[in-house]
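Asker: Build me a structure from this.
(2 chains)
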Amino acid sequence: MEKRVRLRYAPSPTGPQHMGGIRTALFSYLYAKRHGGDFILRSEDTDQTRFVPGAEEYIIESLAWCGIKVDEGVIAGGPYAPYRQSERKELGIYKKYADQLIASGHAYYAFDTPTELDEMRARLEAAKVVAPQYNSTVRMSMKNSLTLSEDEVNAKLAANEPYVVRLKVPRNEEIRFSDIIRGWVVVNSSTIDDKVLLKSDGMPTYHLAHIVDDIEMKITHAVRGEEWLPSAPAHILVYRYLGLENEMPLYAHLPLLLSPDGKGKLSKRDGDRLGFPTFPLNWTDPKTGDTSSGYREQGYFPEAFVNMLALMGWNPGDNTEIMNLEELTSKFSFEKVSKSGAKFDPKKAVWFNQQYLRMQTNDALALIFEKQLAQHNITAPHEYVVAVCNLIKEKVNFPQEFWSIGSYYFVAPTEFDQAVIGKRWNATTKAYLQALATAYEALPTFDAASTEQTFKEVAEAQGLKTGDVQQMLRVATTGAGGGPSLFETFNLLGKNEIVNRINTACTTFALPQ
RNA sequence: GGCCCGUUCGUCUAUCGGUUAGGACUUCAGAUUUUCAUUCUGGCAAGAGGGGUUCGACUCCCCUACGGGCUACCA
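Answerer: Residues are numbered from 1 along each chain as shown, chains lettered A, B, ... in the order given. Here you go, the predicted structure:
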């Protein structure tokens, strides 16, 4: 029988998850759902010094916003609860596995103090050792259960002296494993250090914790960033020494998201510097009070964000680009994940949002616009707002641009495009607008067709080309030099409003000397 | 420095030994819109370099260069 596919996203709650983390979660989710399996959220809060309040809630809210449903995990609960490693420590499972490794001779106690470790590194560096680290050669000159007598070790343990448990990595052994994305990776064990498995505070490190939990939670595929590739061989060793190599999940190391200008992996600083969000949601640092911007607050549709993220390092194999979560799920596979890092392109992100904005119904957009209007104490009939959205949605990338581009549909403009006025406003155009106002006043029906017709007739009567006066008419009535169809706009605003605005412009705009 | 991973248009990518190397973003030009935006059409633009293997290499192998990651009692 096929094993049920189970993937987890296991972030450390040390701050907000940035878009790269969300992508890792997304790929895990897509694969799990593609194969009818489970998506689990686990909190890897083993570093108590770096714990940030609110970070866990943040990640849960981020996933929810993206439409990624958690089957089991923190908050959601499930058969393998608890899903927080700080709570799982109380179960004694990490210690149990560590003890097993010590018993089988694959791990050992180490009593070295931080100072002694620093001295060791300084010594190695001074001796120009190629790879200065706590390893098979160095450990024999350190304070641990390999160099101390059994009595000494027991005495230290009995005296509650602080200790860590380290993995006893063999010297000069070839470790090979198959990564779903990269294929065979071969590493010599001499390049790996004796990783700390259990810290002196009793907490496991990531190296032990994720393995124990992946086994306990029956995880079948472990998806994580490429930054974990160098320590993967050590993880293979742990599985091997635990006798669990056959139950080991398949690893998939994802290529990294890179900075747009090619300086390393994508970071919050890149976003600040280049002006785009790196987080899914706004985040306010509880310590400093600084707020980092998020895609949601920037006006991105979650579907656009997810779509954009999915296409960074993955493609469906054809030229399809616009895909919702269901389509992504039906097409996802690790075979189509690329091996190389992907530079993030903020412009393409904007393009994705534009695509999704246009897919929205006018009704849905009106609901968004109405919230903005309410902030300006404006209420308008829903049908009217729907009609306005229909006109202006082709001109924006984000919903929040609605107000800045379309406020004149609700209030008379107070600011006018001075560049156009400087170029077009003169006695001739003024006379034209005055005549047009009079003609509009007399119109029995005031719709797009009739206002356009009249606009042309009056121009012709005055011997003017429509091109000479059209933009001035737009500025006089909307304040802006460009915009949606002018006569459709007139149709919405109505005769009185338009005539008033033209007259106001004629009396307030100063003629050039 | 050491170790690991990678390398197709400026960017994201398709190609799984034989293609005029395709698409998208960006950009440019034209058309439409009596403006702007949209839309449409078209253009510019790529296999890092050097060796092999092969009838044939972007595709397989090696070296070099470049890029990235890791090198904590952080994940």
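
Asker: Return the helix or strand in chain A with minimum mean pLDDT.
Answerer: When the helices and strands of chain A are scored by mean pLDDT, DSSP states H and E, helix A:418-424 comes last with a mean of 87.

Asker: Pull the residues that contact that helix.
Answerer: With C-beta atoms under 8 Å, 6 or more residues apart in numbering as the contact definition, helix A:418-424 has outside contacts at A:Asp468, A:Val469, A:Gln471, A:Met472, A:Val475, A:Gly481, A:Phe509, A:Pro512. Quick note: C-beta positions are derived from backbone N, CA and C, even for glycine.

Asker: Also stretch A:440-450?
Answerer: Taking C-beta under 8 Å, 6+ apart as the criterion, the residues outside stretch A:440-450 that touch it are A:Thr451, A:Thr454, A:Ser485, A:Phe487, A:Glu488, A:Phe490, A:Asn491, A:Gly494, A:Lys495, A:Ile498, A:Val499, A:Ile502.

Asker: my guess is the third one contacts A:Ile392, does it?
Answerer: No - with the criterion set as C-beta atoms under 8 Å, A:Ser485 and A:Ile392 do not qualify as a contacting pair; they are 10.4 Å apart.

Asker: Pick out whichever of the two has more residues nearby.
Answerer: A:Ile392 (19 against 11; other C-beta atoms under 10 Å).

Asker: And that one, how close does it get to A:Phe446?
Answerer: When C-beta to C-beta, to the nearest Å is applied, the distance between A:Ile392 and A:Phe446 equals 21 Å.

Asker: which residue of chain A sits farthest from its center?
Answerer: A:Ala461 (58.6 Å; C-alpha atoms, centre = their mean).

Asker: So what does that residue have for phi and psi?
Answerer: As for A:Ala461, its main-chain torsions (degrees, to the nearest 10) stand at phi -60, psi -30.

Asker: got the contact list for the closest residue to it other than its chain neighbours?
Answerer: Distance criterion C-beta to C-beta, 6 or more residues apart in numbering; nearest residue to A:Ala461, sequence neighbours excluded, is A:Ala435 at 7.5 Å. The contact partners of A:Ala435, by C-beta under 8 Å, 6+ apart, come to A:Val458, A:Ala461, A:Gln462.

Asker: ok, the residue in chain A that RNA strand B sits nearest to - contacts?
Answerer: With C-beta to the nearest atom of the strand as the measure, A:Thr466 is the residue of chain A nearest to RNA strand B, at 2.2 Å. With contacts defined as C-beta under 8 Å, 6+ apart, A:Thr466 is in contact with A:Phe455, A:Lys456, A:Ala459.

Asker: let's see it at 10 Å
Answerer: Going by C-beta atoms under 10 Å, 6 or more residues apart in numbering, A:Thr466 touches A:Glu452, A:Phe455, A:Lys456, A:Val458, A:Ala459, A:Glu460, A:Leu473.

Asker: Over to A:Leu373?
Answerer: Neighbouring residues of A:Leu373 by C-beta under 10 Å, 6+ apart: A:Ala366, A:Thr379, A:Ala380, A:Val385, A:Val388, A:Phe402, A:Trp403, A:Gly406, A:Ser407, A:Tyr409, A:Phe410.

Asker: 8 Å instead, please
Answerer: Residues in contact with A:Leu373, defined by C-beta under 8 Å, 6+ apart, are A:Thr379, A:Ala380, A:Val385, A:Trp403, A:Phe410.

Asker: quick one: pLDDT of the third one?
Answerer: Spelled out, that is A:Val385. With respect to pLDDT, A:Val385 scores 95.

Asker: again with the fourth one
Answerer: Model confidence at A:Trp403, given as pLDDT, is 93.

Asker: sorry, back to before: show me what counts as buried in the least confident helix or strand of chain A.
Answerer: For helix A:418-424, the neighbour count (16 or more other C-beta atoms under 10 Å) marks A:Val420, A:Ile421, A:Arg424 as buried.

Asker: Now the closest residue to A:Pro13 other than its chain neighbours. Its backbone dihedrals?
Answerer: Nearest-residue entry for A:Pro13: A:Ala55, 3.8 Å, with adjacent residues in sequence omitted and distances by C-beta to C-beta, 6+ apart. The phi/psi pair for A:Ala55 (degrees, to the nearest 10) reads phi -70, psi -40.

Asker: my guess is A:Ala55 contacts A:Gly15, does it?
Answerer: Yes - the pair formed by A:Ala55 and A:Gly15 meets the contact definition of C-beta under 8 Å, at 5.6 Å.

Asker: Could you pull out the helices in the stretch 401-513 of chain A for me?
Answerer: Per DSSP state H, counting those that start in this stretch, the stretch 401-513 of chain A has helices spanning A:401-406, A:418-424, A:427-441, A:448-461, A:466-478, A:486-493, A:495-508. These are given in chain order.

Asker: any chance of the ones you listed in JSON lines, with distance to A:Gly299 too?
Answerer: Written out in JSON lines, the entries for the helices of the stretch 401-513 of chain A read as follows (distance: least, C-beta to C-beta, whole Å):
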{"stretch": "helix A:401-406", "distance to A:Gly299": "8"}
{"stretch": "helix A:418-424", "distance to A:Gly299": "27"}
{"stretch": "helix A:427-441", "distance to A:Gly299": "36"}
{"stretch": "helix A:448-461", "distance to A:Gly299": "30"}
{"stretch": "helix A:466-478", "distance to A:Gly299": "23"}
{"stretch": "helix A:486-493", "distance to A:Gly299": "23"}
{"stretch": "helix A:495-508", "distance to A:Gly299": "29"}
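
Asker: Which of those has the lowest mean pLDDT?
Answerer: Of all these, helix A:418-424 carries the lowest average pLDDT, namely a mean of 87.

Asker: Could you check how many residues crowd around A:Asn154?
Answerer: As a measure of burial, A:Asn154 has 12 neighbours, counting by other C-beta under 10 Å.

Asker: And the helix or strand where it lies, what's buried?
Answerer: Element membership for A:Asn154 (DSSP states H and E) is helix A:150-158. Taking 16+ other C-beta under 10 Å as the basis for neighbour counts, the residues of helix A:150-158 that come out buried are A:Val153, A:Lys156.
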